[in-house]
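Q: Give the three-dimensional model of this entry:
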Amino acid sequence: MASRAVVHQGPNPTGAAKQKMVPVEGKNRRALRDIGNLVPAPAADAKTRVMTRPIRGGKLLVNGGKPADKQKEAIVEGVAGNVRKNACKPKPYEVIVISSDDEEDDCRDEVLRSGSGLRSVSSKRAGGKSGRTYTSTLLARSKVACGIVNKSKDLIVDIDAEDINNELAVVEYVEDMYNFYKETEECGRVYDYMGLQPNINARMRAILVDWLIEVHRKFELMPESLYLTVNIMDRFLAMKTVPRSELQLVGMGSMLVACKYEEIWAPEVNDFIAISNNAYVRNHLLVMEKSILGKLEWNLTIPTPYVFLVRYIKASLPYDSELENMVFFFAELGLVNYSTTILYRPSMLAASAVYAARCTLNKTPLWTETLKHQTAYAEDQLIDCAKLLVSYHSQCGAAENKLKGAYSKYSSPDRGAVALFPPAKSLLSMEASSS
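A: This next block holds a predicted model:
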């Protein structure tokens, strides 16, 4: 809203009729009348001046704190506003002009064009002079503080908006839940333990996990069971030395425990004995199950990569079943390989699987603001892990590669045959250039 400067004549000491308020040429708005104990200060010369100081001790300070001429000093008396006036008649003064809406709109447009509220914002020129109002400065800085100026064109999408009426989606708590998962994922994370296992190595572990993927598919188990099985197995191997002959038994015992935790109808002990080609007897598996639970102190509530995969796939809008299958394919390749399981935390492995899948399917953009917000990972943080996953994908079709569990699973039509897609050339070229 524009404000106009007006010329205000002081009271007539002789009691004559009050002079009319005459607007300055080109300005037609009346100024506000004096409020409280502020009175107009006489200017020292013919030029108009802006009042910048309050009254102190009965004296009005103008022009940077200098007292006005005592011959022209105005003294306030009483609440009624009775004013004693000297012989000199106060000269007109100019009321401060408040910045107009047009000026603020121009400043707002300039801020959005410049991309930074702290940069110099050009204001309107008045009377041949340029300047910047306090309003425009505060407006620009407020935009920077609120993140409006630097906000990307790719807005963050509320991925829970469609589930607001779904009680099972627990929209009110889902953000807090995943913040808790991120805080506690280190508790269930497994670090390098192969140095403590003299009888087994990473290659043996990979063969075991590849076999467990096939068993999981044969039993038609829930996805959660597979990820929890691998986590239980790794945590147990990090605590106890296992002979090579019992490594498969450890995998079977881990899956039995995970199924009892996750499945409604868990496979029976005899089912595991049969699928292992009767390599063990019933009592062996029950003893191993008890040993695993004792070592882990019955702590089975662990945020596995699957917990984060579900959320990150949902954030990878729009929904695409092909992308979903590709993400799970990369995640299971990560489970098979010891290095990715040890080097990267579950949330980063899940986010890298999403990134590798988007690169393989040539999604644009490769990483959105919504994914960055939900995963709390930037694109450059995921490059290394994603390159490892894509390198595993490129090795799946090799004849010398005996680990065919995940590859066969995701080569079937019911999984979209995503394993047959060519590996992401962009990440493979980055790997070649870096090496």
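Q: Grab the nearest non-local neighbour of Ala315.
A: Excluding the flanking residues, the one nearest Ala315 by CB to CB, 6 or more residues apart in numbering is Gln374, at 4.0 Å. Backbone N, C-alpha and C define where each C-beta goes, glycine included.
Q: go on, Ala331?
A: The spatially closest residue to Ala331, leaving aside those adjacent along the chain, is Ala353, at 4.4 Å (CB to CB, 6+ apart).
Q: helix or strand right after the host helix or strand of that neighbour?
A: Ala353 belongs to helix 346-360 when assigned by DSSP states H and E. For helix 346-360, the following helix or strand on the C-terminal side (DSSP H and E) is helix 369-375.
Q: and the next helix or strand after that next one, what's its mean pLDDT?
A: Scanning forward in sequence from helix 369-375 by DSSP H and E, the next helix or strand is helix 379-396. The average pLDDT for helix 379-396 rounds to 93.
Q: Please enumerate the helices of the stretch 201-350 of the chain.
A: 202-219, 223-237, 247-262, 269-275, 282-296, 305-315, 321-336, 338-343, 346-360 (DSSP state H, counting those that start in this stretch).
Q: Domain boundaries for the protein, per the record?
A: By the assignment in automatic domain parsing, the chain contains the domains 1-98, 101-146, 185-296, 305-434.
Q: quick one, what contacts the closest residue to Lys182 other than its chain neighbours?
A: Excluding the flanking residues, the one nearest Lys182 by CB to CB, 6+ apart is Ser347, at 5.9 Å. Residues counted as contacts of Ser347 (CB atoms under 8 Å, 6 or more residues apart in numbering) are 181-182, 185, 303, 305, 308, 375-377.
Q: So what's the residue count around Leu155?
A: If you count neighbours by other CB atoms under 10 Å, Leu155 ends up with 10.
Q: so who does it touch?
A: Going by CB under 8 Å, 6+ apart, Leu155 touches Glu369.
Q: so it sits in a helix?
A: No - counting by DSSP: H, G, I helix; E, B strand; the rest coil, Leu155 is not part of a helix but coil.
Q: Distance check, it against Ala315.
A: Using CB to CB, to the nearest Å, we find Leu155 at a distance of 13 Å from Ala315.
Q: you'd agree the residue nearest to Ala331 is up against Thr340?
A: No - contact criterion CB atoms under 8 Å: Ala353 and Thr340 do not qualify, at 9.7 Å.
Q: More neighbours: which of those two?
A: Shown here are Ala353 and Thr340; by other CB under 10 Å, Ala353 has more neighbours (29 against 22).
Q: And that one, how far from Phe308?
A: Remark: distance between Ala353 and Phe308 (CB to CB) = 9 Å.
Q: do the same with Gly416
A: 21 Å.
Q: Among these two, which residue is more densely surrounded?
A: Neighbour totals were compared for Gly416 and Phe308, and Phe308 leads with 26 against 19 (other CB under 10 Å).
Q: List the contacts of the more buried one.
A: 178, 181, 346-347, 350-351, 375.
Q: Next one: it relative to Phe236, how far apart?
A: According to CB to CB, Phe308 and Phe236 sit 22 Å apart.
Q: Averaged pLDDT, stretch 184-202. What do you get?
A: 90.
Q: and what of stretch 219-235?
A: Averaging pLDDT along stretch 219-235 gives 96.
Q: Need the contact partners of it.
A: For stretch 219-235, using CB under 8 Å, 6+ apart, the contacting residues are 188, 190, 193, 208-209, 212-213, 216, 250-251, 254-255, 257-259, 261-263, 267, 271, 275, 292, 295-296, 300, 302, 304-306, 328, 332, 335, 341.
Q: Just give the closest residue to Arg217, not the sequence neighbours.
A: Counting by CB to CB, 6+ apart, the residue nearest Arg217 is Lys409, at 5.5 Å.
Q: Contact partners for the one you found?
A: Neighbour list for Lys409: 213-214, 217, 329, 332, 415, 419 [criterion: CB under 8 Å, 6+ apart].
Q: top of those residues by neighbour count?
A: When neighbours are counted by other CB under 10 Å, Phe329 leads those with 28 neighbours.
Q: where does Gly251 land on pLDDT?
A: With respect to pLDDT, Gly251 scores 96.
Q: From the structure, what's the count of residues near the residue lying closest to it once chain neighbours are set aside?
A: Closest residue to Gly251 apart from its sequence neighbours, by CB to CB, 6+ apart: Leu208 at 4.8 Å. Per other CB under 10 Å, the neighbour tally for Leu208 reads 20.
Q: residues in contact with Leu208?
A: Shown in contact with Leu208 (CB under 8 Å, 6+ apart): 233, 247-248, 250-251.
Q: Just flag the most distant two among the residues you listed.
A: Farthest apart among the contacts of Leu208 by CB to CB are Met233 and Gln248. That separation is 10.6 Å.
Q: Which one's more surrounded, those two?
A: Under the neighbour definition other CB under 10 Å, Met233 and Gln248 were set side by side, and Met233 has more, 26 against 17.
Q: Poorly predicted segments of this structure, please.
A: Along the chain, segments meeting pLDDT under 70 span 1-137, 139-154, 399, 430-435.
Q: export the contacts of Lys409 to TSV and tack on distance to Val174?
A: Below are those laid out as TSV (distance: CB to CB, whole Å):
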residue	distance to Val174
Ile213	29
Glu214	33
Arg217	29
Phe329	26
Glu332	25
Arg415	27
Ala419	31
